[in-house]
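Participant: Everything below, folded, please.
(2 chains)
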Amino acid sequence: MTSTQTQIGKDYYDSLSSLTINSRPIIESLTALAQENTDAATGITKAVEKRINKAIPSQKLYAFYLLDSICKNVGVPYPSLFGSNIFKLFTQAYSLVDDPTRVKLIKLFRTWKIPNAVTGLSLFDEDQIDLIDKFLIRATAANRPPEQQRQIDLSNGKATKQSLMREIDDLTNLVNSRLLQMPDDTKGRERFQLLQKLRAIISQPNAIPQEQLDFTKKQLQSIRGDELLRLNSFKQQQQRQQIPPQLSTNQLQGLLNAPAPSSQAAFSSFQMPFGQQNQGQQPQLNNANAQALFNMMSAILGQHQNNVGDNGSASGFSAPQSSQSNTSTMTATTTVNKNSKSSSNESSLGLTNLEFLKDILRKSKAGVKITPSKVEIRDPVIPPGKDDSQEVILQRFELTQNFINNHKPTEEEIALIYSIKDNQCSSCSKRFYSTPEGAKQKALHLDWHFRTNKKLKAMSKQIHNRSWFLPDKEWELFQEDEIVGGNDNNDIGVELNNRFNEKPVLTEEEMNKKVVTIPDDSENEIVCGICRDKLVGVFDDDSGEWVWRNAVKQRGRVYHYSCWVETRGQDRERSPERN
Amino acid sequence: MSQIDSSLLQSILDKSSETPRVEKFQDTVETHTVEVPPLQEWRFELGSNDKLKLKLLKGTAEIFGTELSPNIDYSFQGSLKSSIATFSGCTIQYWGCQPSSEYVGEESCIGSYLNLHLSLERMRVSNPNSGPRVLVIGPKDSGKTSLCRVLVSYAEKMQRRPLFVNLNPKAPLFTIPGNLTATAVSGMLNVEDITLGETITTGPSFYHPKQSLVKCFGLENYRDNLELYKFLIEQLSESVEKRLESSSDVRSSGIVIDTPALHIGDCELIQHILDRFKIDVLVVIGNERLLVDLKRKLKYDDQKVTLLKVGKSSGCVDTDDKLQRELQQRAIKQYFYGLETAQLSPYTIMIAPKEYMFFKPKELESLNLAFLSGDASDDVTTRGINYSRLMERVKKPAADNLENAILAIANDSGLEVAKYISSVDDNEGNLEVIKTVVGRSVLGFCYVLSVDDQKGKVKLLVPSPVQHLPTKTLILTQFRYHE
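Facilitator: Next up is the predicted model:
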């Protein structure tokens, strides 16, 4: 690139700053500019990409419109220039913008898929379009709040035996076609066999309760998602062989360090700026489910009993990684092991799943109806509809002598104070639901820990006291939200304490009014005779002299004025030494 | 001056570099692991100089309903009898010292405690406007406080904010002993701190702090002045009622009330608590007989009030007076100096006792009560409260009665204190003061470090930096503290 071309690129970037609104004239003139300077196309492409990356989220869309306009109206060489990077550009922007903008981005993307009438090709490179397509399918599914998700499931119609059979057949085909490409994938073979067995179970004439059908449907959906991912990652691996292995290691680490899968799925697109990393997080989730389903089925059919223990998360990962360098597999395994929280989460998920699914199948064979609450509680994919299920379980509890003394709490009852909230704080033992709302609460809670820990660390530098208790009236009106409301609650104590101090706390202004001129023979820094903190001299513009602010000189010693006021006339001693 | 400082600094440095080395040494040498099967508990006892550290390696576990985190090394210091229960089974690792006693108890009550909790939770769900009010009664060392802690902790886990009321003046709860308290629990309880002395400070604390309402009884045994005790229960219940009215989150969660060891002779008192706090559920621990007797003697609407018995945990151990004292002293120390992990700095001030009014709770002979039995209670209910029987003025506050004492700072706002301070013998006046302050919550406590009768000066340890005590009225409690 010559210097003039670089300059054009720079100028073009500067002119892009006008793109703060969706304005046709601006976009048209910028497109025209791009057309006139096709010899500086690289610079202009870079400028537009930079603009998309740097613009505030609400303005990214307009830059995309410009990109679209340039590619469609100017044509060569822009589509190929943008095309090489369009997936990253699109997914990054997508993860940062709000929902309405996302909808617009998706609409825009759809126009890219329409093949050109003459050439029969879509606007950008087929592979990139494909990647975006898949990304969007997953992102839109993951982004939906669970209630909505459930509604969609409902609107899709209830699962019937027929629909499940169709789904299983479809999946079987999918797995089969993948096995053709990856003949050495033993997991895949297992999956293939198990799917056939599941089909056999369902095709039996016994009636199966609706909840179980629905649940199985969900499980199958997650298997499908997983299957698509595997296919995808297989394709990527093929691509990756051209890229240095460094990248894949990074990606792996990125995805392994990602937050606990069960809770964060809904936020994945926010937290994962790179589309590729995003893909990594999902299989963790789906593997857990898929494996649980396998486990269940193996257990039921009395086969693969010994495999159950081996189906840890690490082995789940190793399948798609098989063709990768050793180092990355190592990193993956060790990180999984280190990240004890997420792995323990998974295993526990797997276990409850297993129990639950065994239950389903046992009962469906016998034709017994189970209470819907069971489905709610142990459903690891869709967070529990906490109120309903809890209430159903609670209905069993009677406040009678006999019941209290003789009832043996079942696992799901114990779960009400434990695993129903399976997202545990890593600093204390507080638990949260694996719902978007639970995640939000946890985030607030972690913020609180962060602030508190910071203060606890600084504790030795400051002096703290027990606060006075509240008088009756104030206690009666006290709201606990003042303590746990997520605000900086440590100010309560200070405020409460001051209420009873007869002297109001000095304002900064009052303190700074009191100055002591630094004597010529003194250092600039001096120690306060009371608190032993430093007083540092500053230059006072008004008097044109160096002074100590908030200071007072008494009997030849210098004190902070605030310290002096606090202790004046008081024969206060230091508190006795602690033993 | 500067030289002293540097040597001091050096000694601090020496200390801080020493301690972790010692710990590390113990860390590697003496670790033990305990496997606790599901629905059992590991019980351990520590002596006053012991410091035990432990960690949850596997499974889930809880101490009196509060779940342990696998990511924290918990540390327990000083005399203690405690247990770690588990629903799922767990593995615990401990080090630091060998507990004076430790074993896995096969019978744990957590199953029935959970039943009780979930039954209460069902009540909360079905009547979101008013949560269950639970009163726990039982003989000495039957696990009343443990049950209360479990019920409160489980409720907290289910996003409730129950009110934890302590009517046992011997046991400190969110404050020093000698008080009746009510505290809404909106955050996890501190499992390491058996006396739960944590209330709000000006500094940070690892657990969400608790805001207590504190009524000073000042005596150790509720029988020492039943009239005052009942009066305070009444006052406390009124405040509680108003609190429930203004906080819907607390109202829907209900109340859990811990009590001193009451027996059937206290039937009238139990009736009083039952009525005042509008109890829905009365839980008797470990004493079938007491339950039967109460069912017969108490007046209650059995459509509304449920009487239940839960078994006494086999893990209940007799707490001797020595342990009780140590716990009390620890709670007082914590009030002023905070926890080891979050230390507080109390202040000392000098006051002239003649500028203050000292009152103390009257110790009524229980003999008197027996004589007055029926009539006395009529006295209280029909002719109003006889304030002169609740407290009395300390006429000569001096070394012999103040030394090492814990003083409660009474809330005398609105009272023209100047009028009363000098007139020690004005009985009418004193009665006025008692009337004003006796039922009110106290602001805090101070501890008498030394008394100089000749100069007429008293040196006090106060929790907060103040030039003067916030009020002029002090309640001299029965409790003494030794640093």
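Participant: Quick check: nearest residue in space to the closest residue to chain A within the stretch 101-250 of chain B, chain neighbours excluded?
Facilitator: As assessed by Cβ to the nearest Cβ, chain A sits closest to B:G203 within the stretch 101-250 of chain B, at 3.0 Å. In short, each C-beta sits where N, CA and C put it, glycine included. Spatially, and ignoring its direct neighbours in sequence, B:G203 is nearest to A:H464 (3.0 Å; Cβ to Cβ, 6 or more residues apart in numbering or on different chains).
Participant: Surely B:L189 touches B:V152?
Facilitator: Yes: contact criterion Cβ atoms under 8 Å: B:L189 and B:V152 qualify, at 7.2 Å.
Participant: More neighbours: these two, which one.
Facilitator: Counted by other Cβ atoms under 10 Å in any protein chain shown, B:L189 and B:V152 do not tie: B:V152 has more neighbours, with 28 against 22.
Participant: can you tell me which residues contact the more buried one?
Facilitator: B:G65, B:P162, B:F164, B:V185, B:L189, B:V256 (Cβ atoms under 8 Å, 6 or more residues apart in numbering or on different chains).
Participant: among these, who's most crowded?
Facilitator: Neighbour tally across the contacts of B:V152 (other Cβ under 10 Å): the maximum, 29 neighbours, falls on B:P162.
Participant: can you pull the contacts of it?
Facilitator: B:G131, B:L151, B:V152, B:A155, B:E156, B:A184, B:V185, B:V250, B:S253, B:G254, B:I255, B:V256.
Participant: now it: how far from B:R43?
Facilitator: 26 Å (Cβ to Cβ, to the nearest Å).
Participant: Where does A:D130 fall, secondary structure wise?
Facilitator: A:D130 is part of helix A:126-143, with elements assigned from DSSP states H and E.
Participant: Buried residues of that helix, list them for me.
Facilitator: Counting neighbours by 16 or more other Cβ atoms under 10 Å in any protein chain shown, one finds that the buried residues in helix A:126-143 are A:Q128, A:I129, A:L131, A:I132, A:K134, A:F135, A:L136, A:R138, A:A139, A:A142, A:N143.
Participant: what do you get for stretch B:233-241?
Facilitator: Under the neighbour-count criterion of 16+ other Cβ under 10 Å, stretch B:233-241 has B:I233, B:E234, B:Q235, B:L236, B:S237, B:S239, B:V240 buried.
Participant: Same question for stretch A:52-66.
Facilitator: Buried positions in stretch A:52-66, judged by neighbour count with 16+ other Cβ under 10 Å: A:I52, A:A55, A:Q59, A:K60, A:L61, A:Y62, A:A63, A:F64, A:Y65, A:L66.
Participant: Not counting its own residues, what contacts that stretch?
Facilitator: Residues from elsewhere that reach stretch A:52-66, judged by Cβ under 8 Å, 6+ apart: A:16, A:19-23, A:27, A:30-31, A:48, A:51, A:67, A:89-90, A:92-93, A:96-98, A:101, A:104-105, A:108.
Participant: Same check on stretch B:474-483?
Facilitator: Contact partners of stretch B:474-483, identified using Cβ under 8 Å, 6+ apart, comprise A:576, A:579, B:176-178, B:216, B:218-220, B:224, B:328-329, B:332-333, B:356-361, B:391, B:394, B:397, B:401-402, B:404-410, B:437, B:442, B:446-447.
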